[in-house]
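Asks: here are the coordinates; sequence isn't available:
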Ligand code: SF4
Ligand code: SF4
């Protein structure tokens, strides 16, 4: 049987916050959600997008951690920080291209999504995927997802000159090979009106329906 994987279909997100609530209820992080619901270009659209750790194949958060507090499992899940090791320096917070790790001042430690590893390592869905009513968050085989959705699943991102591959997949229109986040344009035009405009690929993700 094919491996189970996590898929995000941003075009299906209805902003209900069920994923955030479900994550908050998990005992291991006591009331703090590890999935964040972002708003996209609020002046132009009500579209929301769930952001969880994408579990990069080569996680920069772990590479920049001076305390070796972020470990990656053999099956590619980047864990949250280890309490005895984390020194709260926030290197990981600043380095993550997806803006995922959050520093929790109350416990002086970085916390982030760990793929509900206690569940997913035994074939169970992560908490967020169990409650998402529109299946914007799906834990399934790639075959199942591609059979039931019109788009394709990819896991390759371009941030400026850097290519990042992730364990988590996103659903995109069929013609999209990788997602170009367009950081170069954002950096060079950061004071102009274009600074807040997402790249064509990111806009296409949100505007093109990938619903069956
Ligand atoms: S998305 Fe961010 S926090 Fe998650 S593995 Fe990649 S660099 Fe680390
Ligand atoms: S905040 Fe903690 S986990 Fe993050 S880089 Fe610093 S020591 Fe490592």
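Replies: Right, received. Where do you want to start? Model, not experiment: these values are computed from the prediction. Ligands and ions are numbered 1, 2, ... in the order given.

Asks: which outside residues touch the helix or strand residue 130 falls within?
Replies: Assigned by DSSP states H and E, residue 130 belongs to helix 127-131. Contact with helix 127-131 is made by 6, 18-19, 21-23, 25-26, 35, 50, 52, 116, 119, 137-139, as judged by Cβ atoms under 8 Å, 6 or more residues apart in numbering. (Each C-beta comes from the backbone N, C-alpha and C, glycine too.)

Asks: Quick check: mean pLDDT of it?
Replies: Helix 127-131 comes out with an average pLDDT of 97.

Asks: what's the answer for stretch 30-39, then?
Replies: pLDDT averaged over stretch 30-39 gives 91.

Asks: Which residue lies nearest the spatial centre of the chain?
Replies: The centroid of the chain falls nearest to residue 52 when counting by Cα atoms, centre = their mean (3.4 Å).

Asks: That one reaches residue 34, doesn't it?
Replies: Yes: between residue 52 and residue 34 there is a contact under Cβ atoms under 8 Å: 7.1 Å.

Asks: Return every residue with contacts to both of the two.
Replies: Residues touching both residue 52 and residue 34 comprise residue 113, with contact defined as Cβ under 8 Å, 6+ apart.

Asks: ok, is the top strand by length along the chain in contact with ligand 1 or not?
Replies: For the chain, the strand with the greatest residue count under DSSP state E is strand 162-172. No: contact of strand 162-172 with ligand 1 (Cβ under 6 Å from any ligand atom) is absent, the minimum separation being 6.8 Å.
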